[in-house]
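Participant: Give me a 3D structure for the following:
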Amino acid sequence: MSAFLGVLFAALLADAGAIVEVTTISGPAQKGTLISGDATVWTVNVDGNEIRIPAREILDVRLQHDAPPAVTTPAVRVRLIDGSRLGASQVGIADRKTTLTLSGDREIAFPDTSVLSVRLAASPSTVDTKWEELHTRERRQDMLVVQKGETLDFVEGTVGNITNTTIVLLLDGEKVEVPRERAFGVIYYRNAEEVARPSGFLELSGGDRLAIRSLEVKGDSVNAVLTAGADVTLPLAAIERFDLSSDKLTWLSSLDPRDVKHEFRYIDPAPVMANDRDVWGEPLKIGRQAFARGVAIRSKTELRYRLNGDFSRLQAWAGIQQGYRGDVRLQLSLDGEIVFDQIVKPNDEPKSIDLEIRDRFNLDVLVDYGSLQSDIGDHLILGNARLLK
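Facilitator: Numbering: from 1, shown residues only. Below is the predicted model:
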C-alpha cells in the first residue's frame, strides 16, 4: 500500500501544528510551526512570532514527522501526464474515466486522458529498467506491455476499458479482450499539448507525487485540486514536502546533462555523478549543512547543460561531501567563458555560487583534480543548485 493507501484519509494520524522548514528564493530557511498556507501567503510560528511568507517567494515546505506512517508497496502504480505518480489497490478505466481505489474502499477519479501509464505487475522487479525505457520510446499508438522472462515486449494498438479481469485492445479495428493477469502494464500515446502545467507538487511519505493546481492548508489537513481534475484531502502526516518551485526555478538535478565526459584513473563501481544523492546513494551534506536537492560529481568529470537562454541566475553551494577527504578544482563556464574557478577543499565552509546567466545557452561544469592528482575522495557537491527563471 502506498502513502495514499495508508494515510490519505487517516486524519487522526496527523499532528496539529506540524513542524516545517520553509525554503525561499532569497534569505535563510524559516523553521517553525505551520499555521496556514495557500496560493497567497504561508504563516509559520517561529520562536513565538508569526512570520508571513509570500507564496511567490517559497520554493518548498518540508514537514518533520516524529512517526511517519507505515508504507508498503502498492498493487498498482499510475503515472499521469502532468508528472503525478500514484499508488492504489485497484484501477479501473471505463466511460473515459479512470478510477483508483484507495484505503477504506475510497475512490479518486479523473479523466482517462490524464493517464500516461498503468503498471499492473509487482514492483520492484528485474525488468524495472526496461519499463522505464519503454516510457521514452517514440510511439504513435498505445502499448500493451507483457513480460517474457527477463524482458518486456509490447503490442501497439488502442487500449480501451480496463476492468478487474480484462483489458480491451483495438487492433486494426478488431476488439480483443486480453486477460488482465497477462499484462505487465499499459503505456498510452499522449499529445504533449494535453499536459496541464502544475503550480506545484505534493510529495507523500510513500513516494507518491501529486501535481496540483491549488491548495489550502487548514488545521491538520490539506485540501488540494490536482491538475488531473480531482479534489483530494490529505492529512499533514501523509506529506513530506510541498514543492512550490516549478514556476519559479528549475533544479539542476532535474535536468539531464547534454554531454557527460569522465576520465577514469581508478576504476570503481560508483557512478561519475548522481542527482539529489551522493554517488554512493547517501544524502547530500557539506559539513553540517544538508541539501535535499543537488548534484554530486566526481573529479575528472565535465558536464554540459543546455540552458536555451531560459534562465536569469544560477545559484548553488559548493563543497566536498561530508566524510570524504579529497579536494577538487571547480570551474563553471557559460557559452565558453569561464565565470567561476576555485579550489574546493573538504574542510571549507560551503562556497556560495550566484551567477548571472540571462541569455546564456550552455553551462559547462568541470570538476578537476585539486592539489592532489588523484580522484580518491573527490566527491564535489553542488547543493541546492538551481536555475532561476
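
Participant: Distance from the chain centre to the longest helix along the chain, please.
Facilitator: Identified as the longest helix of the chain according to DSSP state H is helix 128-136. For helix 128-136, the separation from the chain centroid amounts to 17 Å (computed by Cα atoms, centre = their mean, to the nearest Å).

Participant: what helices or strands is that helix leaning on?
Facilitator: Helix 128-136 is packed against strand 115-119, strand 142-148, strand 151-162, strand 185-187, with contacts defined by 3 or more Cβ pairs under 8 Å, 6 or more residues apart in numbering; DSSP states H and E. All C-beta spots, glycine's among them, are computed from the backbone N, C-alpha and C.

Participant: again, only using 6 Å
Facilitator: Taking 3 or more Cβ pairs under 6 Å, 6 or more residues apart in numbering; DSSP states H and E as contact, there are no helices or strands that helix 128-136 lies on.

Participant: Do me a favour and average the pLDDT over that helix.
Facilitator: Averaged across helix 128-136, the pLDDT comes to 89.

Participant: Quick check: buried residues in that helix?
Facilitator: 130-131, 134 (16 or more other Cβ atoms under 10 Å).

Participant: tilt between that helix and strand 151-162?
Facilitator: With axes from the mean of the first three to the mean of the last three Cα atoms, to 10 degrees applied, the angle from helix 128-136 to strand 151-162 works out at 60 degrees.

Participant: Other residues contacting helix 128-136?
Facilitator: For helix 128-136, contacts defined as Cβ atoms under 6 Å, 6 or more residues apart in numbering pick out 152, 187.

Participant: now the angle from it to strand 115-119?
Facilitator: With the same axes, to 10 degrees applied, the angle from helix 128-136 to strand 115-119 works out at 160 degrees.

Participant: From Asp259, how far out is Tyr305?
Facilitator: 9 Å (Cβ to Cβ, to the nearest Å).

Participant: Who has more neighbours out of those two?
Facilitator: Using other Cβ atoms under 10 Å as the criterion, Tyr305 and Asp259 rank with Tyr305 on top: 21 against 11.

Participant: That one against Asn362, yeah?
Facilitator: No - using Cβ atoms under 6 Å, Tyr305 is not in contact with Asn362; the gap is 7.2 Å.

Participant: Can I get the longest helix of the chain as PDB, trimmed to CA atoms?
Facilitator: Backbone C-alpha positions of helix 128-136 (Å, rounded to 0.1, in the frame of the first residue of the first chain) are rendered in PDB as follows:
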ATOM      1  CA  ASP A 128      12.100  -2.100 -13.900                       C
ATOM      2  CA  THR A 129      14.700  -0.500 -16.100                       C
ATOM      3  CA  LYS A 130      13.100  -1.800 -19.300                       C
ATOM      4  CA  TRP A 131       9.700  -0.500 -18.100                       C
ATOM      5  CA  GLU A 132      11.300   3.000 -17.700                       C
ATOM      6  CA  GLU A 133      12.900   2.700 -21.200                       C
ATOM      7  CA  LEU A 134       9.600   2.000 -22.800                       C
ATOM      8  CA  HIS A 135       8.300   5.300 -21.500                       C
ATOM      9  CA  THR A 136      11.000   7.100 -23.500                       C
END
